[in-house]
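Peer 1: Give the three-dimensional model of this entry:
(one chain, ligands or ions: 1)
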Amino acid sequence: MNGTSAEPGTAASDAGPPGLPVASGSETARELWRLSRGYRLRLAATGVLGIVSTGVDLIVSVVIGFLVDRVQAGTADLTTVLTATAVMALSAVLGAAGTALTIVLATRVYHSILAALREQLVDDAMTLPQHLVERVGTGDLISRSSDDVTAVADAAPAVIPVLTVTAFTIVVSLGGLAALEWPYAAAFAVVLPVYVLAVRWYLRIGLGVYRAERTAMSARAQQILESQRGYATVLGFGLAEQRHRAVMTNSWRVARQTLRARTVLSMLNARLNLGECLSLAAVLVVGFVLVDHDASTVGGATTAMLLVLRLLGPVNQLLLVIDTLQSALASLSRMIGVVTIPRGSPDVPAQAASTDVRLDEVSFRYGEGPRVLDDITLGIPSGQRVAVVGVSGAGKTTLAGVVAGTHLPEAGRVTRPSRTAMITQEVHVFAGTLRDNLTLAAPGATDHDLRAALEATGAASILDVLPDRLDTLLGVGGYPLTDAQAQQLALARLLLTDAELVILDEATAEAGSTYAGHLDRAADAVLAGRTAVVVAHRLSQAATCDRIMVMERGRIIETGTHGELIDAGGVYAGLWTAWEAAR
Ligand SMILES: Nc1ncnc2c1ncn2[C@@H]1O[C@H](COP(=O)(O)OP(=O)(O)OP(=O)(O)O)[C@@H](O)[C@H]1O
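Peer 2: As a prediction, the model looks like this:
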């Protein structure tokens, strides 16, 4: 173990770039309390059942002490022994049944709250500020909604029974010891600081270590994901060796953090053994003194020892599952960290639903970077098709994102129709059948509608090549579509939606190619009768739009119809001349 213990909140610095925020202890508790709404009555009932069951279970220790006294006094006849045995058997059975029921109820509540949290995490992940996801990468987010959810769910079988049994056993046993003779409770209480110190030491070190371990896992997931996604680039630029080294470095980081976590656990065990020795010795000595002074019977001392022995088991188990508990808490605080990320900037007024598109004095930057959109004001009346053109890096894609609502502006106001759809340069084919992929946004569409949409977007030929037609599996592990087919599929899906505003920022297709011709026709079908913003990578697309906006360095510098802009002889006319020459 190296000497630097990661403190909560600083763990990220141990393992690469900072990720998404991690919720503090109070934020985690607040969120759990909020999520427990609707389960609180069940929780209270579980608590009452737990205390009663533990009390019934502890009757065994009291009866054994009673028997010891009767045997010592020579008054233990067969009836007494049989009655005592029957009482012990009954209390053991009732206690065990009650405890089992308590654990089942507690586990149900736990999983219900976890399910609510998981749902909220997935919902919230979908609405995270785009720039934040881009900055931290999707690996951290994926790790939180997979590794962390698994860690919290896996903790349930180990943690819940122990937590439930221990909490009630401690309360009831301490009460029992005090009721027997207060020095017994005092003897145990004197040794308690050893446990408290062990727990405090572990909490101080453990949480940081586990967070650092999880953060290192996120960084590793990110590296692997990036290598897989950019596989072609990695091969193309001969980066395989470099990526391999990066993944190795992160894997070692995970291994080091895991080793630290296990070392900390071993040191905790040593402290627990010490606490156990001291508490047994303390109660034994007190029992001896009390019996010696006739302040307690041998039976009383036996009951006290049995109660302490009963306490030690759950206390040690609790401290041992603190390992799992810590790990689950670290994961929980990372999950809740996503849920508590503020959505939207308070100085950006909420958009009002409208059939027109309006941007008023809108500015945007990625994270802390320079302004990419600079004070843009524009209006697009309902039904108009507008093209956005400009050189690479002018801000066209960013503007499309702001209009679509995937990018939140840092200043200004955006108004758009509520039913908006967008196709970006990266088209995703979902794992599922072709039918699933098409009906994602139009669940009610019939097979006839799906075929019509594929035909209208020139994608009907896809059907001919797919072995099971609409039932063919696509996406990961399924039939591989070409980029052009994926694009056509996305356009057909868009055609099936009832979006009032369509934003197209398709992949660049070489002008004049069959692919470009297909895409232009498909886009025409999709845009007919809808308000549209088209990031025109081919100027032939722009020429057919109702209006063209020319962007330069985040500003709109020219606007008009194709004819007007050509006549004006400005930037667009220059771009058009260059485009025509290159065709
Ligand atoms: N995720 C990002 N993080 C930081 N900067 C970005 C990001 N995306 C784009 N930019 C920067 O914002 C500016 C505008 O980019 P944008 O992609 O909007 O331009 P564009 O006109 O669409 O370019 P292209 O035609 O090449 O797609 C560029 O300087 C680009 O480097």
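
Peer 1: Gly175: neighbour count?
Peer 2: Number of residues near Gly175 (other C-beta atoms under 10 Å) recorded here: 15. Just so you know, the C-beta spots here come from the backbone N, C-alpha and C atoms, and that holds for glycine as well.

Peer 1: Can you list the low-confidence ranges for the stretch 151-300 of the chain?
Peer 2: Applying pLDDT under 70 to the stretch 151-300 of the chain picks out residues 207.

Peer 1: now the chain
Peer 2: Residues of the chain meeting the criterion pLDDT under 70: 1-19, 129-138, 207, 343-354, 476, 507-518, 583.

Peer 1: and it, which of its residues are near the ligand?
Peer 2: Neighbours of the ligand within the chain, by C-beta under 6 Å from any ligand atom: 134, 366, 369, 372, 390, 392-398.

Peer 1: can we see that at 5 Å?
Peer 2: 134, 366, 372, 392-398 (C-beta under 5 Å from any ligand atom).

Peer 1: Looking at those, which one is closest to Gly208?
Peer 2: Nearest to Gly208 out of the residues of the chain next to the ligand is Glu134 (C-beta to C-beta; 28.0 Å).

Peer 1: Would you agree Glu361 falls within a helix?
Peer 2: No: under DSSP: H, G, I helix; E, B strand; the rest coil, Glu361 sits outside any helix and is assigned strand.

Peer 1: Okay, it and Cys277: tell me how far apart.
Peer 2: 73 Å (C-beta to C-beta, to the nearest Å).

Peer 1: Surely Ile103 is in a helix?
Peer 2: Yes: assessed by three-state DSSP, Ile103 belongs to a helix.

Peer 1: surely it meets Leu163?
Peer 2: No: Ile103 lies out of contact with Leu163 (C-beta atoms under 8 Å); the separation is 9.4 Å.

Peer 1: which residue is nearest the centroid of this protein?
Peer 2: Residue closest to the average C-alpha location in the chain (C-alpha atoms, centre = their mean): Ser145, at 3.2 Å.

Peer 1: contacting residues for it?
Peer 2: Contacts for Ser145 (C-beta atoms under 8 Å, 6 or more residues apart in numbering) come out as 118, 121-122, 125, 335, 338.

Peer 1: Export those residues as a markdown table, with columns for neighbour count, secondary structure and distance to Thr406.
Peer 2: Output for the contacts of Ser145, formatted as a markdown table (neighbours: other C-beta atoms under 10 Å; DSSP: H, G, I helix; E, B strand; the rest coil; distance: C-beta to C-beta, whole Å):
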| residue | neighbour count | secondary structure | distance to Thr406 |
| --- | --- | --- | --- |
| Arg118 | 17 | helix | 24 |
| Leu121 | 21 | helix | 19 |
| Val122 | 12 | helix | 17 |
| Ala125 | 18 | helix | 14 |
| Met335 | 25 | helix | 23 |
| Val338 | 22 | helix | 18 |
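
Peer 1: now, among these, which is nearest to the ligand?
Peer 2: Taking C-beta to the nearest ligand atom as the measure, the ligand lies nearest Ala125 of those, at 17.8 Å.

Peer 1: what's near enough to touch that closest one?
Peer 2: Residues in contact with Ala125 (C-beta under 8 Å, 6+ apart) are 141, 145, 338.

Peer 1: If we ignore the residues flanking it in sequence, what's nearest the residue in the stretch 401-550 of the chain that the ligand sits nearest to?
Peer 2: As assessed by C-beta to the nearest ligand atom, the ligand sits closest to Val535 within the stretch 401-550 of the chain, at 6.4 Å. Once flanking residues are discounted, Val535 sits nearest to Asp505: 4.0 Å by C-beta to C-beta, 6 or more residues apart in numbering.
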